[in-house]
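**Q** Sequence first, predicted coordinates after that:
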Amino acid sequence: MAEEKGKVKKDDYQKALTAYNQAMKVFRKGGYEKAAEMLKTLPEKHASEKELVDRAQIYITICKVRQKKEKILLKTFEDYYQYSVYKINQGEFKEALKWLEKARQIKPKEGKILYLMADAYCLMGNTEDCLEQLKKAIQIDKYFSILAQNESDFESLKEDKKFKLITRMA
């Protein structure tokens, strides 16, 4: 009888673990709403599995936080510029470029936007667009030439002939 009870307990644990793992697969793919729904069934169906239920509760909270969309109100040139810097630092280069374009619409002749665009393109491995934006930035302000020569993000271009030509224009 005790042996049978142990087997039932083990089967319950396996079922709970399987349900938890399936929810975690959905979570890892970014399906936070669905993962939360799946995790909510764990306490109902497998209340005896305290450890898994506790973990599920934690991940339900994480899912709720991650479901909230990023709501950023950007209005000014400086807002767009600073948010773009943040996005580049997060490694979200395409997103940064989108916001830099908005900033450029406000101030089309602002060299720091062009320089930051060159930086984002360089980090994406898009040398042609990088050099094009860098050249425009340097034409507006020669200071960007000095910055580019000392910028670690442009390290991959230090031996590039076009890069050398563009940064020596000053």
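**A** Looks like it came in fine.

**Q** OK, contacts around Gly125?
**A** Under the criterion of C-beta atoms under 8 Å, 6 or more residues apart in numbering, Gly125 has no neighbours. C-beta here means a position set from N, CA and C on the backbone, and glycine is covered the same way.

**Q** Can you pull the phi and psi angles for it?
**A** phi 90, psi 10 (degrees, to the nearest 10).

**Q** For it, give its distance to Leu73.
**A** 32 Å (C-beta to C-beta, to the nearest Å).

**Q** Going by residue numbers, what spans are helices in the protein?
**A** Per DSSP state H, the chain carries helices over the ranges 2-28, 32-45, 50-67, 77-89, 93-106, 111-124, 127-140, 143-150, 161-167.

**Q** just those helices: most buried one?
**A** helix 111-124 (a mean of 22; mean count of other C-beta atoms under 10 Å).

**Q** per-residue confidence averaged over it?
**A** For helix 111-124, mean pLDDT rounds to 96.

**Q** chain center to it, what's the gap?
**A** Its chain's average C-alpha position is 18 Å from that of helix 111-124, according to C-alpha atoms, centre = their mean, to the nearest Å.

**Q** Pull up the per-residue confidence for the closest residue to Ala19 other than its chain neighbours.
**A** Once flanking residues are discounted, Ala19 sits nearest to Leu42: 6.1 Å by C-beta to C-beta, 6 or more residues apart in numbering. At Leu42, the model reports a pLDDT of 84.

**Q** In contact with Leu42, which residues are there?
**A** 16, 19-20, 23, 49, 52-53, 56.

**Q** Check Phe163 too.
**A** 131, 134, 148, 154, 157 are the contacts of Phe163 under C-beta under 8 Å, 6+ apart.

**Q** The fourth one - how many residues pack around it?
**A** Taking other C-beta atoms under 10 Å as the neighbour definition, Phe154 ends up with a count of 21.

**Q** let's have the chain start at 24 instead
**A** In the new numbering, first residue 24, that becomes Phe177.

**Q** Am I right that it is in contact with Ile169?
**A** No - counting by C-beta atoms under 8 Å, Phe177 stays clear of Ile169, with 11.9 Å between them.

**Q** coming back round to it: identify, from the contacts of Leu65, the entry nearest to Gly54.
**A** Ala46 (9.3 Å; C-beta to C-beta).

**Q** what sits against the closest one?
**A** 58, 61-62, 65, 79, 82.

**Q** Report the two of those separated the most.
**A** Most distant of those, by C-beta to C-beta, are Ala58 and Leu65, 11.3 Å apart.

**Q** mind checking how far the nearest residue to Asp176 once chain neighbours are set aside is from Tyr103?
**A** Nearest non-adjacent residue to Asp176, counting by C-beta to C-beta, 6+ apart: Asp142, 5.2 Å away. For Asp142, the distance to Tyr103 (C-beta to C-beta) stands at 15 Å.

**Q** Kind regards, and thank you for your time.
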